[in-house]
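Participant: okay, sequence plus prediction incoming.
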Amino acid sequence: MSNLEVLTGVGEILEAQIIELASINGERCNPTPEQPERYATNRVALTAEDRLAREKFIRPRMEAAGMEIDDEHPMGLIGILRGKQSDLAPLVVLSHIDTLQGGDMYDGTLGVLGGIEAVRAMRETGFMPDRDIMLISLTGEESAGYNRAVFGSRSMFQGLTPADLDSRTDPSNPSIREMLSDEEIERTEQPIFGPGRKYKLPHAVIELHVEQDSSLDRENIDLGIVEAIAAPVRFSVQIGEPTDKNTAGFQPKPFASSKTIDLIVDGRADHSGATPMGAGNRADGLAETAEFLLPILNAGHGDELGYGISRMLIEQINIDGEAMNRIPGEVSTRLRIEADTRGKVDSLLKQFSYKVQARNNFHDISSDLFSPNALTIEKPGPDASQNRPDAGMQPNHISALMLASRVQKIAGKYAKKGVVGTATRYRAGSGQVHLGLDIRGIDKTSRDMAMADIASFSGLTKVDFGEALPGSGDPVTMDQRLVKIMQEEIDRRRIGTSKIMVSAAVHDTQNAARAGVPSLMVFVPSLAGGKAHHPDAYTAPLSIEKGTKTLLAFMLRMSQNA
């Protein structure tokens, strides 16, 4: 039996492993015909669940496949299959097992578990590589928890800076530094690869990953060979002045009657980088909230419902499972409707309900991804705050919604050049709204032009884009020689159909490429409309098998000293 034939049927084996790994702190979801058991993942980097998965799930599988666990690195588990000439530069296979809160089972984990199965196949068929093969199960690829993506691979290939270590989503959450011991911090500050380091700079780096978009599925292509990876520019935009600097202090007198409601927009959470712009690709819950509410919230006092002596106030806006690299799915907005009489409040609420129904009717007849009941009105639960919203915050909320709408429109304008843009996070407090922005593109010039257009925004109150967040960077090109080698191996071994493509999503491989290492990625199709960063994401066992065979074919060729 050949090396690749031993992997026949591995798709079902890996699918079962992926599900088992997802169950570690995951939330079980309703079954589908393809997935009778599935989970919304919850293994944020450096948490106890992330460390548990690494030690109790990945480590024993690496060891069973014949690998030594050579390095207890705080940013990942390193298994090594020793070659005949360990003095040669190693071949590195990597991906990650950390996830978003409410994320998908396949993101990253396929590359790690597929790499273990590829090594097992080598051992089972008696193949002995010339050079060491290192399999790295990384953490910190996702930006959930720390406002920083791919920091695990950055640590290993470049070393983390003090700014990296101090990164956090907001003051109430721990930073990367606070999640590590003093010894672990010291280890993350220096790369492990390169002259004078523990390991030689790798001979090559390869990562197997799900596509996180639907192009391979739409074109009925088995494998994508990635020739370039986009990189984001990210900002945390501050809208308004901090409370201690806010001198306006205007709080209009409350009306005699009021009602509080929640407007729920049921969008579709997806990968902010891998999902193209356009109504046929995105159902952005925050952008839809802005599209619906802005005509109603009359840029200052919200009386466009038809009554001059009334007011609609935003108390809060919440994005379910928000992250810098996720399109907002479900977005809830708490609204307070005020008027001088109860009758007028009821009339206002009825008129608002008509507008919600009209918007749903629009979705029903359009070709966008929103359902015909995407917008709903709910009464707040009994534990909801009874405090009146801060009327002085309304210009900030309105400005934030205006900016979210602008991001979608400007990114759409540059979409033909491969630009995508998302307002991803929404936090309000202490007199300000903090809005997260994620703007990406393969072409740096087009991406930066789109960002400059967005940054020309002028709101109702002070808008400060500040400096680009750490983790922003330039697009990265994969090694063209490796692209050609991968094409040859796929064709020679008749694994399946393939195409050369780009990745709009950030991946760990880009940090290897930035360190001067020849690097490559391979994609397998994402089904379910290309969903990613969402529990509905799905990749079929046959695609998993073909991806793992492709990974093994590359490893067989590149591990030889030829």
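Facilitator: Perfect, thanks for sending it. Residues are numbered from 1 along each chain as shown.
Participant: now residue 541. Its backbone dihedrals?
Facilitator: phi -50, psi -40 (degrees, to the nearest 10).
Participant: do you know how far it is from residue 65?
Facilitator: Using Cβ to Cβ, to the nearest Å, we find residue 541 at a distance of 20 Å from residue 65. No exception for glycine: its C-beta is placed from N, CA and C like everyone else's.
Participant: neighbour count: the two, which is higher?
Facilitator: Between residue 541 and residue 65, counted using other Cβ atoms under 10 Å, residue 65 has the larger neighbour count: 20 against 17.
Participant: give me the pLDDT for the nearest residue to that one once chain neighbours are set aside.
Facilitator: Using Cβ to Cβ, 6 or more residues apart in numbering and skipping residues adjacent in sequence, the residue nearest residue 65 is residue 120, 4.1 Å away. Residue 120 is assigned a predicted lDDT (pLDDT) of 97.
Participant: any idea of the mean pLDDT for stretch 328-347?
Facilitator: Computed over stretch 328-347, the average pLDDT equals 92.
Participant: try stretch 183-190
Facilitator: The pLDDT scores in stretch 183-190 average 96.
Participant: next one: stretch 388-395
Facilitator: Per-residue scores along stretch 388-395 average to 81.
Participant: please apply the same query to stretch 447-464.
Facilitator: 94.
Participant: now do the end-to-end distance for stretch 55-66.
Facilitator: With Cα to Cα, to the nearest Å as the measure, stretch 55-66 spans 16 Å from end to end.
Participant: contacting residues for residue 465?
Facilitator: Residues counted as contacts of residue 465 (Cβ atoms under 8 Å, 6 or more residues apart in numbering) are 235, 237, 437, 455.
Participant: which stretches of the stretch 401-550 of the chain form helices?
Facilitator: Secondary structure of the stretch 401-550 of the chain (DSSP state H, counting those that start in this stretch): helices at 444-455, 480-492, 509-514, 541-558.
Participant: need those in TSV (columns: distance to residue 217).
Facilitator: Shown next, in TSV, are these (distance: least, Cβ to Cβ, whole Å):
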stretch	distance to residue 217
helix 444-455	26
helix 480-492	18
helix 509-514	22
helix 541-558	9
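Participant: now for the ones you listed, which one comes closest to residue 167?
Facilitator: Taking Cβ to Cβ, helix 509-514 is the member of the helices of the stretch 401-550 of the chain nearest to residue 167, at 15.6 Å.
Participant: which element is residue 220 on?
Facilitator: Counting by DSSP states H and E, no helix or strand carries residue 220.
Participant: make 28 the first number, not 1, from now on.
Facilitator: New numbering, starting at 28: the last item is residue 247.
Participant: setting the sequence-adjacent residues aside, check what's closest to it.
Facilitator: In space, and not counting its chain neighbours, residue 247 is closest to residue 524: 7.6 Å by Cβ to Cβ, 6+ apart.
Participant: burial of that neighbour, as a residue count?
Facilitator: A count of nearby residues for residue 524, using other Cβ under 10 Å, gives 13.
Participant: and residue 324, by the same measure?
Facilitator: 23.
Participant: ok, it - contacts?
Facilitator: 331, 339, 341, 421, 424-425, 428.
Participant: residues in contact with the closest residue to residue 463 other than its chain neighbours?
Facilitator: Distances taken as Cβ to Cβ, 6+ apart place residue 452 nearest to residue 463, at 3.2 Å, with adjacent residues excluded. By Cβ under 8 Å, 6+ apart, residue 452 lies in contact with 196, 263, 346, 349-351, 461-463.
Participant: flag whichever of those residues scores worst on pLDDT.
Facilitator: For the contacts of residue 452, the pLDDT minimum is residue 196, 82.
Participant: state which helix of the chain is the longest.
Facilitator: Taking DSSP state H as the criterion, the chain has its longest helix at helix 369-392.
Participant: go through it and flag the buried ones.
Facilitator: Judged by neighbour count (16 or more other Cβ atoms under 10 Å), helix 369-392 contains these buried residues: 371-372, 374-376, 379, 383, 386-387, 390.
Participant: got it, and stretch 91-105?
Facilitator: For stretch 91-105, the neighbour count (16+ other Cβ under 10 Å) marks 92-94, 98, 100-105 as buried.
Participant: with stretch 175-195 instead?
Facilitator: Within stretch 175-195, the residues that count as buried by 16+ other Cβ under 10 Å are 175-187, 191-192, 194-195.
Participant: ends of that stretch, what's the gap?
Facilitator: End to end - Cα to Cα - stretch 175-195 spans 8 Å.
Participant: again with stretch 152-163
Facilitator: End-to-end for stretch 152-163, by Cα to Cα: 22 Å.
Participant: residues touching that stretch, excluding its own?
Facilitator: With contacts defined as Cβ under 8 Å, 6+ apart, stretch 152-163 is touched by 28-30, 33, 89, 94, 97, 103-113, 115-121, 139, 142-143, 146, 149, 183, 226, 229-230, 582-583, 586-588.
Participant: ok, stretch 180-192 next?
Facilitator: With Cβ under 8 Å, 6+ apart as the criterion, stretch 180-192 contacts 100-103, 121, 123, 163, 165, 167-168, 175, 178, 202-204, 207, 212, 215-220, 497, 535-536, 538-539, 541-542, 544.
Participant: can you say which of the residues you listed are buried?
Facilitator: 100-103, 121, 123, 163, 165, 167-168, 175, 178, 202-204, 207, 212, 215, 218-220, 497, 535-536, 538-539, 541-542, 544.
Participant: narrow those to those in helices?
Facilitator: Filtering these for helices - DSSP H - leaves 178, 212, 215, 536, 538-539, 541.
Participant: and those, which two are furthest apart?
Facilitator: Top of the distance list for those (Cβ to Cβ): 212 and 536, 25.0 Å.
Participant: run a quick neighbour tally on the nearest residue to residue 509 once chain neighbours are set aside.
Facilitator: Spatial nearest neighbour of residue 509, excluding adjacent residues (Cβ to Cβ, 6+ apart): residue 547 at 4.1 Å. Residue 547 has 25 neighbouring residues, counting by other Cβ under 10 Å.
Participant: measure residue 547 to residue 578 for me?
Facilitator: Distance, residue 547 to residue 578, using Cβ to Cβ: 10 Å.
Participant: among the contacts of residue 492, which ones are in strands?
Facilitator: 262, 264, 464 (DSSP state E).
Participant: most neighbours among these, which one is it?
Facilitator: In terms of neighbour count, residue 464 stands highest of the ones in strands among the contacts of residue 492 at 26 neighbours, by other Cβ under 10 Å.
Participant: so who does the spatially closest residue to it that is not a sequence neighbour touch?
Facilitator: Nearest residue to residue 464 in three dimensions, chain neighbours excluded: residue 262, at 4.5 Å (Cβ to Cβ, 6+ apart). Counting by Cβ under 8 Å, 6+ apart, residue 262 touches 463-464, 492-493, 495-496.
Participant: center of this structure, which residue is that?
Facilitator: Relative to the mean C-alpha position of the chain, the nearest C-alpha, by Cα atoms, centre = their mean, is the one of residue 352, at 3.3 Å.
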